[in-house]
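> Show me the folded form of this:
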Amino acid sequence: MKIIYLALNHLKIVFKSKMSIFWFFALPIALTMIIGFSTGQNSSEENFPVAIFDEENSFLTNYIIEKIEQNDLFTIQLVDLNTGLNLVETNEVAGFIHFPKNLDKINFYPADRRVSPFILEKELEKSLIELNNSLKIAEGIITVFNPERDLQILALEIIPFLKETPISINFIWNKGSENTPLIPYGNNFSSPGMAILFTLMSVVFSGAGVVLSEREYKTLARLLSTPISKKTLIYGKSLGIFFIGFVQLSILIFFGQFFLGVNWGENVWATLLLSLTFVFSASGLALALAAICKNPSQLAVIGNIVVMGISMLGGCYWPIELLPSHLQRISKLFPTGWAMEGYTNIIMRGFGLNYVLPNIFILLLFGILFLTFGIYKLKLDS
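Residues are numbered from 1 along each chain as shown. So this is what the prediction gives:
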């Protein structure tokens, strides 16, 4: 309980200033919008054509096409095979879907463009899962209860009551999805980039900065004269720094989701766990800087260099995909690079938890290393 009390008290100290409202709300939101506008239109505001060649032309393919049309991101173009291949090759469509006769397989050709074709893939896969499930269930119901009932009609009636289950689907790819260049832009780039940057700035300057100020003014020494152990005090301050980072990140994610149209919530668990581990690593870094710096003035210099440096190299200021390959490799040396990669995959590709688990694991390791160093080296008396 003492640790939680110390953490909440740390939050109270940070937010008692009116400047905190500017720091946590106005400035990051304004910069997010400015950078998003300057780097291009947000993908959520665009509409992308999808080329479809439907040789089968059955209720199955019509259902899939209808499901894709229901997504506001896509418009359907019915074409022949050669036209579809040419359109996807010249990047004039988000993807080309070919439904061959007998529908034993579906050929999906993703476009090589900066707007991810993987949202289209996910929509296609979801429709196929629903159809496969409904056909299996309908076939069983007809066999047991009503042999006269039409299989296709019953299958369509069952679809709304289904949940997704893992059924393997045969895709044929023109380009490998993992190798498709994916350059985030607009609000899809600025929202995670500024969220990472300002979370770092908050934990370093409003988190570690308060710890150093309290040490300079002997506040921590006075706290140690009470029945609070050094370990409890450090843990409480560390948790307080974590709370600050989580509040800042949550504000920017919420704003991006509900005001800028950024799809942060495609997979809630992926976003939540990646965010928690990033804030954990950022909090550990802040505590490590508090252990290294002797006073708030020194933190202002060293902290700015560290925060700005790893944010730039991690891809928060510009898409890391635009940098040379050696700089892209260097970005993996910092938690910002792993966090930005994970957020980009969630927002642009629509990836789920399994795909960002490596990013979560690496961020957790960063946090443990930084936090261990900070706890071991931090001095509570000047």
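
> where do the strands sit along the stretch 51-200 of the chain?
74-78, 95-99, 106-110, 171-173 (DSSP state E, counting those that start in this stretch).

> quick one: which of those strands has the weakest pLDDT on average?
Lowest mean pLDDT within those: strand 171-173, a mean of 45.

> where does residue 212 land on pLDDT?
Reading off the model, residue 212 has pLDDT 90.

> OK, contacts around it?
If you count contacts by CB atoms under 8 Å, 6 or more residues apart in numbering, residue 212 has them with 290, 293, 295-296, 299. For the C-beta atoms, the positions are set from N, CA and C on the backbone; glycine is no exception.

> Redo those as JSON lines? Include secondary structure, neighbour count and pLDDT.
What follows is the contacts of residue 212, written out as JSON lines (DSSP: H, G, I helix; E, B strand; the rest coil; neighbours: other CB atoms under 10 Å; pLDDT from 0 to 100):
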{"residue": "290", "secondary structure": "helix", "neighbour count": "27", "pLDDT": "92"}
{"residue": "293", "secondary structure": "coil", "neighbour count": "20", "pLDDT": "93"}
{"residue": "295", "secondary structure": "coil", "neighbour count": "12", "pLDDT": "90"}
{"residue": "296", "secondary structure": "helix", "neighbour count": "18", "pLDDT": "91"}
{"residue": "299", "secondary structure": "helix", "neighbour count": "23", "pLDDT": "93"}
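
> Just give me the neighbour total for residue 369.
By other CB atoms under 10 Å, the residues close to residue 369 number 14.

> Give me the pLDDT for it.
96.

> Is residue 199 in contact with residue 278, as I believe?
Yes - counting by CB atoms under 8 Å, residue 199 does reach residue 278; the two are 7.2 Å apart.

> what residues are shared contacts of the two?
Common neighbours of residue 199 and residue 278 (CB under 8 Å, 6+ apart) are residue 249.

> List the residue ranges of this protein that fall below the pLDDT cut-off.
38-47, 103, 112-126, 128-185, 265-266, 381-382 (pLDDT under 70).

> Determine which stretch of the strands of the stretch 51-200 of the chain is the most buried.
Greatest average neighbour count among these goes to strand 95-99 (a mean of 24), per mean count of other CB atoms under 10 Å.

> ok, residues contacting it?
With CB under 8 Å, 6+ apart, strand 95-99 has contacts from 50-57, 61, 64, 79, 81, 84-85, 87-88, 106-111, 117, 120-121, 124, 174.

> Those residues, buried ones only, as a PyMOL selection?
In PyMOL, a selection of the buried entries from the contacts of strand 95-99 looks like this (16 or more other CB atoms under 10 Å):
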select buried, resi 50+51+52+53+54+56+61+64+79+84+85+87+88+106+107+108+109+110+111+117+120+121+124
